[in-house]
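**Q** quick one: sequence plus predicted model below, questions after.
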Protein chains: 4
Amino acid sequence: MKTNYEVAIIGGGIIGCSIAYYLAKEQIDVAVFEEKQLASKSTSAAAGMLGAHSECNDLEIFYPFARKSQLAYFQLQDELKELSGIDIELRKGGIFQLAYSEAEKSELSSTLSLPTVRWYDRDNVRHEESSVSTNIIGAAFIEDDVNVLPSSVCQAFGKSAQVLGASVFEYTSVLSIQKQDSSYTIKTSKGNFQAKYIVVANGVWSSNFFHQLGLTNTLIPVKGECVSVSSEKPLLKHTLFHEHCYIVPRNNGRLVLGASMVENDWNEQASLGGIEKLIAKAKTMLPSIIDMKIESFWAGLRPQTFDQKPFIGHHPDDEGILFATGHYRNGILLAPATGQMIRDFIMKKEIKKDWIEAFKIERQKR
Amino acid sequence: MKTNYEVAIIGGGIIGCSIAYYLAKEQIDVAVFEEKQLASKSTSAAAGMLGAHSECNDLEIFYPFARKSQLAYFQLQDELKELSGIDIELRKGGIFQLAYSEAEKSELSSTLSLPTVRWYDRDNVRHEESSVSTNIIGAAFIEDDVNVLPSSVCQAFGKSAQVLGASVFEYTSVLSIQKQDSSYTIKTSKGNFQAKYIVVANGVWSSNFFHQLGLTNTLIPVKGECVSVSSEKPLLKHTLFHEHCYIVPRNNGRLVLGASMVENDWNEQASLGGIEKLIAKAKTMLPSIIDMKIESFWAGLRPQTFDQKPFIGHHPDDEGILFATGHYRNGILLAPATGQMIRDFIMKKEIKKDWIEAFKIERQKR
Amino acid sequence: MKTNYEVAIIGGGIIGCSIAYYLAKEQIDVAVFEEKQLASKSTSAAAGMLGAHSECNDLEIFYPFARKSQLAYFQLQDELKELSGIDIELRKGGIFQLAYSEAEKSELSSTLSLPTVRWYDRDNVRHEESSVSTNIIGAAFIEDDVNVLPSSVCQAFGKSAQVLGASVFEYTSVLSIQKQDSSYTIKTSKGNFQAKYIVVANGVWSSNFFHQLGLTNTLIPVKGECVSVSSEKPLLKHTLFHEHCYIVPRNNGRLVLGASMVENDWNEQASLGGIEKLIAKAKTMLPSIIDMKIESFWAGLRPQTFDQKPFIGHHPDDEGILFATGHYRNGILLAPATGQMIRDFIMKKEIKKDWIEAFKIERQKR
Amino acid sequence: MKTNYEVAIIGGGIIGCSIAYYLAKEQIDVAVFEEKQLASKSTSAAAGMLGAHSECNDLEIFYPFARKSQLAYFQLQDELKELSGIDIELRKGGIFQLAYSEAEKSELSSTLSLPTVRWYDRDNVRHEESSVSTNIIGAAFIEDDVNVLPSSVCQAFGKSAQVLGASVFEYTSVLSIQKQDSSYTIKTSKGNFQAKYIVVANGVWSSNFFHQLGLTNTLIPVKGECVSVSSEKPLLKHTLFHEHCYIVPRNNGRLVLGASMVENDWNEQASLGGIEKLIAKAKTMLPSIIDMKIESFWAGLRPQTFDQKPFIGHHPDDEGILFATGHYRNGILLAPATGQMIRDFIMKKEIKKDWIEAFKIERQKR
C-alpha cells in the first residue's frame, strides 16, 4: 500500500472530495481519509439548495465567492458525469423566497437588487405555484439558485478524483498529525501515512484537530433535521424558502423539507420536537403539504464558526497545514470554490485578498 | 398440492391466524389464504395494547368478551412459544388512563367501578412515572391492560397452527367464493380450492366479499398512524392513555405513540398532518417526549363497522360462510376470543347468546 | 368525486401509466386504478435495461416494435421532465453482450447483423471495461441499448398524465368489471366507476380478470431477484449482459445485478438460493464484483404468456375491453410503444397489422 | 453538566455497558462515553450465541470464565428487565454442533467430555430437527449454550446502569487521555471530563488508545457478515453450529446465519463474496434454507488479539488505566464476567490469579 502522498485530506464529505478532485485534475498526488464512507455524514443530510442569493447577507465578499461556486456547478455537471458516471442531479427551476409582510419584503431588498433576482407579487407566484399559501404578499424569484443532490455530488467528486489518480481510504480514522522536518505523519487506524500538505476538512469534527494543532478555535454543531414526502399529484416545481426553511422538489418527484436549527446537539438523529417544528413551518408555506405522505427523515450536523463564515486557508504558523471547514449552512454551495481555493494555496497561485482575509482561521470577531 | 380442506380462512392477520390456531388444536383440517405475508397489514401496525378495560364502554356484553380474550393471552404466551419458538412479548405493567379535569375523571367512573381498576391522584401517578405531565389531576390505573407485540402474536398463531397441521398460503389472493352443493370453491391466484366452511377474516378488505355474498354491509377504513421513538434514558414503565391515544413502552426500550384516526382513507402511509397531531397529543401526556429520537413511523387501516363492534358469526342465509372481521380498534385484544368463537360455531358448541346477537352481521342499527 | 371516465385503466405500473400518458396527451378523459402505489410492484423491481437488440430473438416483428419503443424514450426524457419534474435517468453507454466461446459468438450473429451493433474482441472489450473477465472471447457492443430508472419512468408517466388532466386512484382495488349497455361499471374498494373503455394492465395479476371476462388465457409469474452493490472505485461504465443476467451501472454509482428466473413463484421476496445464483453468475462476468458491498436486494414478478410475447389488443368479443399485459422481461422497454398502440386502438387509428396479429390475446400457440 | 466521575468508560458496546452496570450496582460513580449510540457497532452485529462449550478450546482457564459468564445471564434476565424494562430475549434450546465425519466427531471429544454435553447420532438429531442435512453423522448437543439478543442486552445494561445512577454520553468521541496527578482528564467532543479510573472498552478501536498510552499491542479487525432469513414454516428450534458458522433461531421466528471471517478489513458493510460463502456454508447444514427469504444482512468487526483471548486488566505501569477489550468471537458471552472482573479490580476484591495472568495485556506470545 502506498503511504506517501503530496497532499492528505482528512474528511470524505463534499468539501474534502471537491479538494481531491481539483488537486487530482492538476496531477497532484492526493489521498482522502474518511472515517466512514464518502458522503455518509452532513453531506448526505443536506438538501442541496445552491442559495448563492437566498442565503447571502454580504454582497461584497461572500456573494462573489458563493456565486463563483454556484456557476462552477454548471460546468461540473457534465465533467463529473463523464469521469465517474454519476449524475449530480442539477435541477433548474430556482427559488421563491417568500415574504408575508411589507417588512419581510423590505428585508429582501438587497437580494432584490441583484441582477438575476425579480419580485413576484402574490398572484404571479401563485400562477407559477398554485399551492403556495395565500398569506404571502409575494416572493423574490431567484432563478439561479438551483439545487443538486449532495450525496451524488460528493460521490462524483470522489470517484472522478480516483479516476484521475487520487486515493480514497474509507473506514479509516485519522488519530493524530505529527510534523517531521518538511513533511507530516498522520497516524490512522490503517497505519501511518506521510504527506507534504495536510488539509483538515472533516466538518464539525475538525475541532478535534484544532486543539492538537495549537489553535483555540472551535466549531459548534448546529443540527438540521429534514423530512422527505411524496404526494399523488406533483405539487411544486420551484423551491420555496422562508426564514431558513425550504421545501425542495427532487428529481424523483419527492419534496424535501428542511431544516431545523438545533445548536450544540451532537446527536445525529431527528427528534420528535424538531420534526414537529418543521411540519409547522412547512404548512405556512404550502398548506396542502399536510396531506403528503412521509417517506423518510434524517438529521445532520452543520459546522458553525463564530461568524458563520468558513475557515479556508493556512494554519497561521504552518504553511503545510490547511483548513477547509466550518461551512455551516453552505457546504454544498461553497464546495467547488473551496476546492479551487485550496488548490490555489497548494499550487501557490494568486487568490483574491478579500477571500484570504475573510476566511483565514486567525481572523478576529468584529 | 392439497386443495381440499375442511375450513378455508381468508386473511392471514391476527384474526385469521387465531382462528387457524384454535381449529388446528382440534385436529380440524384448515388452510389460511393470505394475499401478502402473515401479519403484513393492520396487524403489524397495531400497538398491541390489550385494553379490555380502557377501551371498554359497554360493561354488559363487550367487556366479558374482551376480558375473556385478554385472559387467554396469559395462557397463550407459553403455549405458542413452545409450539412456534416465537415470544409474543406479553408485557406487564398496565395502563394509566389519564384525566386532566374532574369532568374527565367522571367519564372514567364506569371503568373505575371494575374490580381490577384503581384511581391514582397526580402525585401517585408521578411517583410511578415521574415524567408524566403535571397538568393531569390523576389517572385510572388498570393493571391488567398489558400489551403484546402484535406481529409476533400473529406469526406465533400461524406457525403454531402449521406445527399442528394447518396449511398457510402466503402471496395468494382469493378472487371469488362459489357455492357447489355442500361445499365451496374458492378461486385464488394459485388455483382453485374446496372447503366445507369459509371464514372471511381479512379486515377492512372483507367488504369486497360482502357484496359478492349478497350482503349490503360495509366496512370503513379508519387509518391509524404511529411513531416509534427512543431515548437515552428509560422514560416510561407503564402505558399512558388519553382520548384514544397511547404511549406504549416496548421490550426493546422504545416507546410507540399511536394512533391517529383518519376516516375513509385507504392510503396505508403516514401523512405529515397525522404525525403532527400525534406529536401534539403525546406532548400533553409526556412533555419530555419532544426530545426523543424518531426511530420509525407507519400506518394501518382499522376496519370499522356501523356500531364499532365486530362481525363474528354465520352468514344469515348460509351456515357454511362465517365472518370474523370489523374489529376496529380491538383486533389484537379480541383475537383469542374470536378464534374460540369461530371454532365453537364450526364445532357446533354452545356459544353465549348475548355474543351471538351482539356480533351477528345482520344486526340492525339501534 | 368524478366517477365517469372515457377510459379506465387497471394497474398503475409502467404499462398502465404509459397508456394514461398517451391518452391524456390526446385530451382523452382517463383514470388509473392502482391497488397500492404507482410503480410499487414489478416496475420498480426491474433494472431498466432497454434491450431492444440484446433481448431480441425475432427480427421481423418484435424488433421493429421494440426499437420504436426504445427510440421513443429519447423524446420522452425531456417531455416528461418538463411536465412532471421527474428525471427518468436515461443513461447512455450501451451494453456489452458477452461471449465466452465461438458457439456463443455464433448465437449472437443475428444481433450482430443489426446496423447499430458491432463485435469487440476481448482486448477491445477490456480496453473499455478493464474489470471484465478474461474468460470472454469478446462481446457484441450495442450502443443503443441504454437504460432508464423504471420507477422514475412510471412516476413521470403518471404525474405527467395528471398534469394533462388524467385521474390517478392509488390504494384502490378493482373487484369486478360489468358490462352495461355501451359502457362498463367497475366495482372498486372506493366505490363504483363507469367507463366506455377498460384497459387491463396489471401485469401478472391480470389473469384474475381474464377468467371473469370469459377467457382461458393465463399468465405465469416468473420471479426475478436483484441485488444492488457499491464499490470504492467506479468499476463499470457499460451494462454487461450474458444469458439473461446483467450488471447495470446506475446514475448514483451503484451496480444492479439481475435477475434470477424462478417460474411460478408468487412470493415477492428474494430467496437465499436466488441471491446465491445471482452472485455466482455475476462473478463470471466481473470477477472483482465479489469485493463490492451489498446495498440492497429485492424481487419482482414478470408476467409470462405462453409464447413470451405480450397481450396487446381488444377482447376477441368485446371492443370496449383492451389488454396490455404479459410483457414478461420487456415491460420497461415496451411501455412507450404499448401506450401508443392502446391509444391508437381507442382512437381507431391505423396500427401495423403484424403487431395486431402478433400480440392479440386470442392468438394460438404455433 | 457533571464532569467529574470515579470511573470513565470508553465505549458503549456490550462490554462497556456491562462494566457500567456492575459498577453502578455498587454505587460507584461511573460514566460511559460512546461515539455513536449504545450497541451501534459490533455488539448489534453479533448473533448472541452464548457458546461457553461450543466456542471453547481451553478447558482449564477459558472455560470456567466463560461458563461463569454464561450462568450470570440466567440471573441478569430478570434483574435487567425489572430495572430497564428491556427483555434480553434469553432463548433456551441449546446448540447442535454438527459432525460430518468420524474425524470431526473426534475433534469434539473434549467438548463431549463436559458434563452438560451429550452425543446425538444422526437419527436422533433429525428427530429433533428434521430439516438438518442427512450428511451429518451426528452432533454434540449442548443444552446450556443458549442465546440472547445482543443489542437488547447492551441497551438493558446501559439503561439499568442509568437507573442506578450512571451517566451515559452518546455521540461523544474521546480524543485523548491525559494523566494529572492522581486522576485523568479525557478530552471529548463534548468537552473535558475527569475520572480516577479509565476503562478502555471500545473493541477494535481500542488500538488507538494503546499507542497513546505507551503500549505496542494491537487489535486486528476480523469482519463477520450475517444474514437474517424468514420462512413460511418454522424450520429450527435449536442453534446449528459447524466450523465457526451457525444458524440461530430468534424469538421472532427468523433465523440468523453467521458469520464470515474476513481478516483486516475495516469496512463495516457486507460484501457479495462474504454473503456467497455464508449461503454455501448454511446449505451444508440445513439444505432447505435455500428457499427461505432474505430479511436483512449486515457486518461487524470482531477485535482480535494475538492469542484470541481478551485483554482484561490494568495497564502494566498505571493502576488507573484498565482494559476490557479484544473479545474477538466471544464479546456477548464474556460480557458479564468481564464486567464483574473490572468491578473487582476497581474495588480491589480478590480475582482468580489464572484469569489475571491469562488476560493481562502484557502477556507474551507462547
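**A** Yes, it's here.
**Q** and the residue of the stretch 51-200 of chain A closest to chain C?
**A** Proximity of the stretch 51-200 of chain A to chain C (C-beta to the nearest C-beta) peaks at residue A:87, 4.1 Å away. Where C-beta positions appear, they are placed from N, C-alpha and C, glycine not excepted.
**Q** my read: that residue touches residue C:251, true?
**A** Yes - using C-beta atoms under 8 Å, residue A:87 makes contact with residue C:251 at a distance of 4.1 Å.
**Q** on that earlier part again, the residue of the stretch 51-200 of chain A closest to chain C: what's it in contact with?
**A** A:81, A:152, A:156, C:87, C:89, C:91, C:251-252 (C-beta atoms under 8 Å, 6 or more residues apart in numbering or on different chains).
**Q** out of the residues you listed, which sit inside helices?
**A** A:81, A:152, A:156 (DSSP state H).
**Q** which of those lies closest to residue C:302?
**A** Of all the ones in helices among the contacts of residue A:87, residue A:152 has the smallest distance to residue C:302: 30.0 Å, by C-beta to C-beta.
**Q** quick revisit: who touches both of residue A:87 and residue C:251?
**A** With C-beta under 8 Å, 6+ apart, residue A:87 and residue C:251 have common neighbours A:152, C:89, C:91.
**Q** most neighbours among the residues you listed, which one?
**A** Most neighbours among the shared contacts of residue A:87 and residue C:251, by other C-beta atoms under 10 Å in any protein chain shown: residue A:152, with 24 neighbours.
**Q** would you agree that one is in contact with residue A:85?
**A** No - the pair formed by residue A:152 and residue A:85 falls short of the contact definition of C-beta under 8 Å, at 10.8 Å.
**Q** before we move on, the earlier item: okay, the ones in helices among the contacts of residue A:87 in JSON lines with pLDDT and distance to chain C next?
**A** As requested, the ones in helices among the contacts of residue A:87 are exported to JSON lines (pLDDT from 0 to 100; distance: C-beta to the nearest C-beta, whole Å):
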{"residue": "A:81", "pLDDT": "92", "distance to chain C": "8"}
{"residue": "A:152", "pLDDT": "95", "distance to chain C": "6"}
{"residue": "A:156", "pLDDT": "96", "distance to chain C": "8"}
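**Q** quick one: which of the residues you listed is nearest to residue B:309?
**A** Nearest to residue B:309 among these: residue A:152, at 53.5 Å, using C-beta to C-beta.
**Q** how close does that closest one sit to chain B?
**A** 25 Å (C-beta to the nearest C-beta, to the nearest Å).
**Q** do residue A:336 as well
**A** Distance from residue A:336 to chain B, by C-beta to the nearest C-beta: 34 Å.
**Q** secondary structure class for residue A:104?
**A** Recorded secondary structure, residue A:104: helix (DSSP: H, G, I helix; E, B strand; the rest coil).
**Q** residue A:47: what's it in contact with?
**A** A:147, A:150, A:226, A:246, A:248, A:256, A:258-259.
**Q** likewise for residue A:205?
**A** Taking C-beta under 8 Å, 6+ apart, one finds A:11, D:173, D:189 in contact with residue A:205.
**Q** for residue A:111, what are its contacts?
**A** Applying C-beta under 8 Å, 6+ apart, the residues contacting residue A:111 are A:53-54, A:56, A:97, A:117, A:140, A:142.
**Q** per-domain residue ranges of chain A.
**A** Chain A breaks down into these structural domains: A:4-86+A:149-218+A:307-359, A:95-145+A:220-304 (assignment by automatic domain parsing).
**Q** which among those is found nearest to residue C:358?
**A** Across the domains of chain A, closest to residue C:358 is domain A:95-145+A:220-304 (C-beta to C-beta), at 34.6 Å.
**Q** measure how far that closest one is from the centre of its chain, please.
**A** Centroid displacement of domain A:95-145+A:220-304 relative to its chain, using C-alpha atoms, centre = their mean, to the nearest Å, is 17 Å.
**Q** just the terminal-to-terminal distance for it.
**A** 24 Å (C-alpha to C-alpha, to the nearest Å).
**Q** cool, and stretch A:118-136?
**A** End to end - C-alpha to C-alpha - stretch A:118-136 spans 16 Å.
**Q** what's the answer for stretch A:129-142, then?
**A** 14 Å.
**Q** sorry, back to before: want to throw the ones in helices among the contacts of residue A:87 into TSV with distance to residue B:361?
**A** Below are the ones in helices among the contacts of residue A:87 laid out as TSV (distance: C-beta to C-beta, whole Å):
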residue	distance to residue B:361
A:81	62
A:152	55
A:156	61
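**Q** how far away is the residue lying farthest from the centre of chain A from chain B?
**A** Farthest-out residue of chain A from its mean C-alpha position, per C-alpha atoms, centre = their mean: residue A:181, at 34.6 Å. Taking C-beta to the nearest C-beta as the criterion, residue A:181 is separated from chain B by 47 Å.
**Q** now swap in residue A:266 and tell me
**A** Counting by C-beta to the nearest C-beta - residue A:266 and chain B are separated by 12 Å.
**Q** over to the closest residue to that residue other than its chain neighbours. Which of the three states is it?
**A** Distances taken as C-beta to C-beta, 6 or more residues apart in numbering or on different chains place residue D:171 nearest to residue A:266, at 4.1 Å, with adjacent residues excluded. The three-state label given to residue D:171 by three-state DSSP is coil.
**Q** all strands of the stretch 51-200 of chain A, in order?
**A** Secondary structure of the stretch 51-200 of chain A by DSSP state E, counting those that start in this stretch: the strands cover A:95-99, A:117-121, A:138-142, A:167-169, A:174-180, A:183-188, A:191-200.
**Q** quick one: contacts of the last one?
**A** Around strand A:191-200, the neighbours that count as contacts under C-beta under 8 Å, 6+ apart are A:1, A:3-11, A:16, A:19, A:31, A:33, A:177, A:180, A:182-186, A:206, A:209, A:213, A:320-325, A:342, A:346.
**Q** go on, stretch A:154-163?
**A** A:12-14, A:17-18, A:20-21, A:23-24, A:30, A:32, A:38-39, A:43-44, A:76, A:79-81, A:83-88, A:168, A:335, A:339, C:232-234, C:252-253.
**Q** separate out the buried members of the residues you listed.
**A** A:12-14, A:17-18, A:20-21, A:23-24, A:30, A:32, A:38-39, A:43-44, A:76, A:80-81, A:83-88, A:168, A:335, A:339, C:232, C:234, C:252-253 (16 or more other C-beta atoms under 10 Å in any protein chain shown).
**Q** and the end-to-end length of stretch A:100-114?
**A** End-to-end distance of stretch A:100-114 (C-alpha to C-alpha): 21 Å.
**Q** that one - what's its average pLDDT?
**A** Across stretch A:100-114, pLDDT averages out at 94.
**Q** in it, what counts as buried?
**A** Buried-residue list, stretch A:100-114, by 16+ other C-beta under 10 Å: A:100, A:104-105, A:108, A:111-112, A:114.
**Q** roughly how far does the closest residue to residue A:283 other than its chain neighbours sit from residue B:245?
**A** By the measure of C-beta to C-beta, 6+ apart, the closest residue to residue A:283 outside its immediate chain neighbours is residue A:290, 5.9 Å from it. To residue B:245, residue A:290 is 19 Å away according to C-beta to C-beta, to the nearest Å.
**Q** that's all I had, so thanks and see you.
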